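> my questions are about this predicted structure, shown below with the sequence.
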Amino acid sequence: MHITTLDPGASALDYYGYELRRYREAAGLTQRQLGVAINYTGSMIGQIETAKKLPTLEFSRAVDAALNTGGLLTRLLDLVLRSQLPSWFQQVAEMEARAAEICTFQTQMVHGLFQTEAYASATLATMDETDLEDRTAVRLARQRILKKEHPPVAWMILSESALYQEIGGPKVMHGQLAHLLSFENNPRINIQILPFAAGAHAGLTGSFTLFRFDNDPTISYTEGYGSGHPTANPDTVKDCLLRYDHLQAAALSIKDSAELIRRVMEERYGEQRDAEGDSVAEVELQQ
């Protein structure tokens, strides 16, 4: 049987597969035996070892426990998933992971750090449904920074229009708005809605994000089709900071924003239930 030889220096995914195989063989287990031990198929083990399939957090934790790796694969996972992002976006994900504070203004849709799985999948499926499950997992993996021991402070000012932009259908939108409400009492994650009543505002030129760091200059970031534009240019950053201040002043308070989100969720998208018959809103708010 031909065994694919991986170059551990080729990519983060190749390195993960190389280490998985090395630990498995050191334990004297076949792919099938390891699969049985962690409740995965031997074929799945083989695909991950040969860098043909992305590992998940659950898989990594199970293998670390079974092979006594000291948590190596779980620690590698963030690098693996980040490496699967579009090349132009990988630098942004690194900034998200290092930032002490993230401030974003979004005009059309919820920022990726606050998207539900269904909402993220619906946005990624637009014009391209290839490898959708893996691409969705890669996007959601960025959200792990919000659960770190010392997570960044995050602010999102979201245009009211994004609450009405029906992405994925009523059930998906109901779940997404419920997810936003789940942050209501989290002082490190703050969501404000810029209402239609604000009229002309400082964000009419488009969405942008500011990354503040403990020991590095603040970076402003804007995005186009298939490209990202981070800059530490002092004049540009100063302009974006001023615009963000004005947007915060024009936006609803955090409390009033939550009330508007709740009202739109209930009035526009109704009471949505999952496959078990449970209220989507109640499930999201319990998470």
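Cool, the structure landed. Numbering: from 1, shown residues only.
> what separates stretch 242-251 from the chain centre, distance-wise?
Taking Cα atoms, centre = their mean, to the nearest Å, one finds the center of stretch 242-251 at 25 Å from the center of the full chain.
> kindly report the same for stretch 8-18.
So, by Cα atoms, centre = their mean, the centroid of stretch 8-18 is 23 Å from its chain's centroid.
> buried stuff in it?
Buried residues in stretch 8-18, counted by 16 or more other Cβ atoms under 10 Å: 11, 12, 13, 14, 15, 16, 17, 18. C-beta coordinates here come from the backbone N, C-alpha and C atoms, glycine included.
> please apply the same query to stretch 119-133.
119, 120, 121, 122, 123, 124.
> low-confidence stretches in this protein?
1-4, 272-287 (pLDDT under 70).
> go with 80
1-6, 226, 271-287 (pLDDT under 80).
> mind listing the helices for it?
Listed in chain order, the helices of the chain (DSSP state H) span 12-26, 31-38, 42-49, 57-67, 72-83, 87-98, 117-124, 132-141, 161-164, 170-181, 234-250, 254-269, 280-286.
> looking at the ones you listed, which is closest to residue 207?
With Cβ to Cβ as the measure, helix 161-164 is the member of the helices of the chain nearest residue 207 (10.0 Å).
> list the helices and strands that closest one packs on?
Here helix 161-164 touches helix 254-269, going by 3 or more Cβ pairs under 8 Å, 6 or more residues apart in numbering; DSSP states H and E.
> quick one: distance of the helix it packs on to the chain centre.
Taking mean C-alpha positions (Cα atoms, centre = their mean), helix 254-269 and its chain are 23 Å apart.
> show me the contact partners of that helix.
For helix 254-269, the surrounding residues in contact (Cβ atoms under 8 Å, 6 or more residues apart in numbering) are 160, 163-164, 170-171, 173-174, 177-178, 180-181, 184, 190-193, 195, 251-252, 281.
> stretch 246-253 now?
105, 155, 157, 192-195, 198, 201-203, 257, 260.
> recalculate using a threshold of 7 Å.
Outside of stretch 246-253, the residues within contact range by Cβ atoms under 7 Å, 6 or more residues apart in numbering are 105, 157, 192, 193, 194, 195, 198, 201, 202, 203, 260.
> bridge partners for the second one, pull those for me.
When bridges are assigned using DSSP bridges, the partners listed for residue 157 are residue 105, residue 192.
> what sits against it?
105, 192, 194, 247, 248, 251.
> what separates the first one from residue 18, distance-wise?
So that's residue 105. 42 Å (Cβ to Cβ, to the nearest Å).
> one more: the third one?
The gap separating residue 194 from residue 18 is 48 Å, by Cβ to Cβ.
> let me have the buried residues of stretch 8-18 in JSON lines, extended by distance to residue 67.
Listed next are the buried residues of stretch 8-18 as JSON lines, based on distance: Cβ to Cβ, whole Å:
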{"residue": "11", "distance to residue 67": "22"}
{"residue": "12", "distance to residue 67": "19"}
{"residue": "13", "distance to residue 67": "18"}
{"residue": "14", "distance to residue 67": "18"}
{"residue": "15", "distance to residue 67": "16"}
{"residue": "16", "distance to residue 67": "13"}
{"residue": "17", "distance to residue 67": "14"}
{"residue": "18", "distance to residue 67": "14"}
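> list just the nearest of those residues to residue 78.
Ranked by distance to residue 78 (Cβ to Cβ), the buried residues of stretch 8-18 are led by residue 12 at 9.2 Å.
> look up how far residue 75 lies from that closest one.
For residue 12, the distance to residue 75 - Cβ to Cβ - is 11 Å.
> go on, residue 209?
27 Å.
> what does residue 98 give?
From residue 98 to residue 75 the distance is 16 Å (Cβ to Cβ).
> can you tell me the closest non-neighbouring residue to residue 92?
Nearest non-adjacent residue to residue 92, counting by Cβ to Cβ, 6 or more residues apart in numbering: residue 228, 5.6 Å away.
> same thing with residue 251?
residue 192 (4.0 Å).
> residue contacts, the one you found?
Residue 192 neighbours (Cβ under 7 Å, 6+ apart): 157, 248, 251, 252, 254, 257.
> format those residues as TSV; extra columns: distance to residue 115.
Formatted as TSV, those follow (distance: Cβ to Cβ, whole Å):
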residue	distance to residue 115
157	16
248	22
251	20
252	21
254	19
257	17
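> restricted to buried residues, select these in PyMOL.
To isolate the buried ones among the contacts of residue 192 in PyMOL, judged by 16+ other Cβ under 10 Å, type:
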select buried, resi 157+248+251+252+257
